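Undergrad: Sequence and predicted structure, then a few things I'm wondering about:
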Amino acid sequence: MLTILIFIPILGALIIPLIRNNSNYIKFWALIITGLELLISVFMLINFDLSKNGYQFVESYEWIPSLGISYHLGVDGLSLPLVFLTTLLFVCAISISIPIKTRVAEYFFWFLVLETSVLGVFVSLDLVLFFIFWELELIPMYFIISVWGSGNKEYSAMKFVIYTLLGSAFMLVGLLITGLSVGNFNIEQLSTITLTDDNFLVSPVYVFIMFFVAFAIKLPSWPLHSWLPDAHTDAPTAGSVILAGVLIKMGGYGIIRICVQIFQQEAKDLSLLLVFLGAFSLVYGAIITFRQTDIKKLIAFSSVSHMGIVLLGISAYKSDNVEVASFGLEGAALQMFTHGTITGLLFLSIGLIYDRLHTREIKQLQGLVYQAPIISLFFVIASMASLGLPGLSGFVAEVTVFMAAFAVWNWFTVISVFSIVLTAGYMLWLVQRVIFGDNNGTEKNLPKLSSYEYVPALLLVISIIAIGVYPNIIFEYFEQGVIAFVNNTIGV
């Protein structure tokens, strides 16, 4: 099942050169492939047994046995919702890309390759396989930004590459030390081994830091975040949806799956570093957002702030209380999922606005509710979810994280909670200015939404409201994924 899930997109991409002379066929084919992926992920969610601990849909084959490398796939309650999020957002990204007219075959080819790489990261249970898919993601994203982006797109794409490769270098050294020390790269087995200076080539603390740097760049966390605003600003709309929705979640997933699950004691010992970076990213991202004049860059910096909440939740793992430690990790995972749908809808809405008004400057965007009421509604829903309005998904994730973090880090949490006031401030100001501001008599008859624009936005709205009203539909999966290794660590 998982092999099929991973490789359908890349196999679909290889078909595209055969139909490259008909752009409509290419777009329809890409939509069929991503739609099939979404159906498979929904099937897996429905058939996932929440009463069982551990991984399900497991596939394991020897690959390079002499080096302890295997083709090992599986999902648990932590990774499966992120698989679903990935397939959902790729359907949205392909759908809103229907108007693409430049190098159509290459565009959809790279997006399908990108889907394979991201899904591979979330389902890999071998460190080498994980690293291969992690690196594969770099290639399609570089071309998506540099070819179909705007503005200083070549610079932004190269900056993205350099930062990612820097993180990959740290990850490669870390996984080699881990594999050579233990004798295999199996994430499932590594999670059951107590790592000490005696059974490791170097102190596990150093290896933890190597992995953490790689994942913190992708998340991104301050001070390793500067690639993100440029990449977001210059990427095409679909690229921004995927970048914000799932690519940066690879960083948070890696921290939980590898840094916490494998290096359990080191994660506790260095939790002060995590909570400091989380709180600082949260506050810094909220403050710097007020200085932005480009609406896309504003949302990009808000992502830095919201990913700080993820680190804050992970830092609660320091607690010796199973419920607190689990709640923090579950909240961090839920924050990743909800942020994916919320920012996906934000960037999708911004793309729809840009396609019609050809500007992203906030001062030039006023009174959109009079010109594009449906787009305005989508943008307002996403904005309210982003600031944590009760009844929407963002509120549930933030409250979960803050409750867990406060039990361990009182003052860091208090500071972080107050930064949410800043978040509310800039989001409310943005909505008031862009959506409800005075249009100064410049009302235009903007093109109405097409079905390929309306449907993906509606899917994300449904997700945001559904999780806000009944969070357990996704939260129970995260509970299954987290509770087992937390219990093993604390010895309950």
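TA: Sure thing, it's come through. Small disclaimer: the values here were computed from a predicted structure and weren't measured. Numbering: from 1, shown residues only.
Undergrad: Only the buried residues of the longest strand along the chain, if you could.
TA: For the chain, the strand with the greatest residue count under DSSP state E is strand 56-64. Under the neighbour-count criterion of 16 or more other CB atoms under 10 Å, strand 56-64 has 56, 57, 58, 59 buried. C-beta: built from backbone N, CA, C; applies to glycine.
Undergrad: Does the nearest residue to the third one once chain neighbours are set aside fall in a helix, a strand, or a coil region?
TA: If the residues on either side of it in the chain are set aside, residue 58 comes closest to residue 74, at 4.1 Å by CB to CB, 6 or more residues apart in numbering. When the structure is reduced to helix, strand and coil (DSSP: H, G, I helix; E, B strand; the rest coil), residue 74 reads as strand.
Undergrad: roughly how far apart are residue 74 and residue 487?
TA: 19 Å (CB to CB, to the nearest Å).
Undergrad: any idea which of the buried residues of strand 56-64 is closest to residue 1?
TA: residue 57 (5.0 Å; CB to CB).
Undergrad: What residues does the closest residue to the closest one other than its chain neighbours make contact with?
TA: Nearest non-adjacent residue to residue 57, counting by CB to CB, 6+ apart: residue 1, 5.0 Å away. Contacts for residue 1 (CB atoms under 8 Å, 6 or more residues apart in numbering) come out as 40, 44, 57, 59.
Undergrad: In which helix or strand does the second one reside?
TA: Using DSSP states H and E, residue 44 sits in helix 23-47.
Undergrad: List the buried residues in that helix.
TA: Neighbour counts over helix 23-47 (16+ other CB under 10 Å) mark 23, 26-27, 29-31, 33-34, 36-38, 40-41, 44-45 as buried.
Undergrad: One more: stretch 213-224?
TA: Buried, per 16+ other CB under 10 Å, within stretch 213-224: 213, 214, 215, 216, 217, 218, 219, 220, 221, 222, 224.
Undergrad: Now distance to residue 12 and pLDDT too, for those residues, in CSV please.
TA: Below are the buried residues of stretch 213-224 laid out as CSV (distance: CB to CB, whole Å; pLDDT from 0 to 100):
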residue, distance to residue 12, pLDDT
213, 34, 96
214, 29, 96
215, 29, 95
216, 33, 95
217, 30, 94
218, 26, 92
219, 29, 89
220, 30, 89
221, 34, 89
222, 38, 87
224, 34, 86
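Undergrad: Farthest pair within the contacts of residue 1?
TA: Farthest apart among those - using CB to CB - are 40 and 59, which lie 14.1 Å from each other.
Undergrad: Provide the secondary structure category for residue 102.
TA: If you use three-state DSSP, then residue 102 falls in the coil class.
Undergrad: Not counting sequence-adjacent ones, nearest residue to it?
TA: residue 148 (6.6 Å).
Undergrad: do you know how far that neighbour is from residue 31?
TA: In terms of CB to CB, residue 148 sits 17 Å off from residue 31.
Undergrad: Pull the distance from the top helix by length along the chain to the chain's centre.
TA: Longest helix in the chain, counting residues (DSSP state H): helix 322-357. On the basis of CA atoms, centre = their mean, to the nearest Å, helix 322-357 sits 8 Å off its chain's mean C-alpha point.
Undergrad: And the pLDDT at residue 253?
TA: Here, the pLDDT recorded for residue 253 equals 96.
Undergrad: For my notes, confirm it occurs in a helix.
TA: Yes. Using three-state DSSP, the assignment for residue 253 is a helix.
Undergrad: can you pull the contacts of it?
TA: Residue 253 sits in contact with 78, 79, 82, 121, 122, 336, where contact means CB under 8 Å, 6+ apart.
Undergrad: For the third one, identify the helix or strand it belongs to.
TA: Assessed by DSSP H and E, residue 82 sits inside helix 80-96.
Undergrad: Three-state assignment for the closest residue in space to residue 298 that isn't next to it in sequence, please.
TA: Residue nearest to residue 298 in three dimensions, not counting chain neighbours: residue 292, with 4.0 Å by CB to CB, 6+ apart. Judged by three-state DSSP, the three-state class of residue 292 is coil.
Undergrad: how close does residue 292 sit to residue 232?
TA: Counting by CB to CB, the gap from residue 292 to residue 232 is 11 Å.
Undergrad: Neighbour count for the two, which is higher?
TA: Ranked by neighbour count (other CB atoms under 10 Å), residue 292 and residue 232 place residue 232 first, with 26 against 19.
Undergrad: from memory that one sits against residue 299, does it?
TA: Yes. Counting by CB atoms under 8 Å, residue 299 is a contact partner of residue 232 at 7.3 Å.
Undergrad: between the two, what contacts are shared?
TA: With CB under 8 Å, 6+ apart as the test, residue 232 and residue 299 both reach 244, 347.
Undergrad: Torsion angles phi and psi at the nearest residue to residue 284 once chain neighbours are set aside?
TA: Distance criterion CB to CB, 6+ apart; nearest residue to residue 284, sequence neighbours excluded, is residue 222 at 5.2 Å. When read as degrees, to the nearest 10, the backbone of residue 222 gives phi -60, psi 140.
Undergrad: Next SSE downstream of the host helix or strand of residue 379?
TA: Using DSSP H and E, residue 379 falls within helix 373-386. Next helix or strand after helix 373-386 toward the C-terminus (DSSP H and E): helix 393-406.
Undergrad: Give the other helices and strands that that next one contacts.
TA: Applying 3 or more CB pairs under 8 Å, 6 or more residues apart in numbering; DSSP states H and E, one finds that helix 393-406 makes contact with helix 295-315, helix 322-357, helix 373-386, helix 410-430, helix 451-469.
Undergrad: can these go into a markdown table with extra columns for mean pLDDT and distance to residue 268?
TA: As requested, the helices and strands packed on helix 393-406 are arranged in a markdown table below (pLDDT from 0 to 100; distance: least, CB to CB, whole Å):
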| stretch | mean pLDDT | distance to residue 268 |
| --- | --- | --- |
| helix 295-315 | 91 | 10 |
| helix 322-357 | 92 | 9 |
| helix 373-386 | 93 | 31 |
| helix 410-430 | 87 | 16 |
| helix 451-469 | 93 | 30 |
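Undergrad: Just send those back as JSON lines, with mean neighbour count and distance to residue 171 too.
TA: Formatted as JSON lines, these follow (neighbours: other CB atoms under 10 Å; distance: least, CB to CB, whole Å):
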{"stretch": "helix 295-315", "mean neighbour count": "27", "distance to residue 171": "18"}
{"stretch": "helix 322-357", "mean neighbour count": "25", "distance to residue 171": "19"}
{"stretch": "helix 373-386", "mean neighbour count": "22", "distance to residue 171": "30"}
{"stretch": "helix 410-430", "mean neighbour count": "17", "distance to residue 171": "27"}
{"stretch": "helix 451-469", "mean neighbour count": "19", "distance to residue 171": "31"}
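Undergrad: and residue 98, which of those helices is closest to it?
TA: Closest among those, using CB to CB: helix 451-469, at 4.4 Å.
Undergrad: on that earlier part again, isn't the residue nearest to residue 58 right up against residue 56?
TA: Yes. Shown here, residue 74 and residue 56 form a contact pair, counting by CB under 8 Å, at 6.8 Å.
Undergrad: And residue 300, how far from residue 228?
TA: Counting by CB to CB, the separation of residue 300 from residue 228 is 6 Å.
Undergrad: so how far is the helix or strand following the longest helix of the chain from its chain's centroid?
TA: Following helix 322-357 in sequence order, the next helix or strand is helix 368-371 (DSSP H and E). Computed by CA atoms, centre = their mean, the chain-centroid distance of helix 368-371 equals 31 Å.
Undergrad: This completes my enquiry, with thanks.
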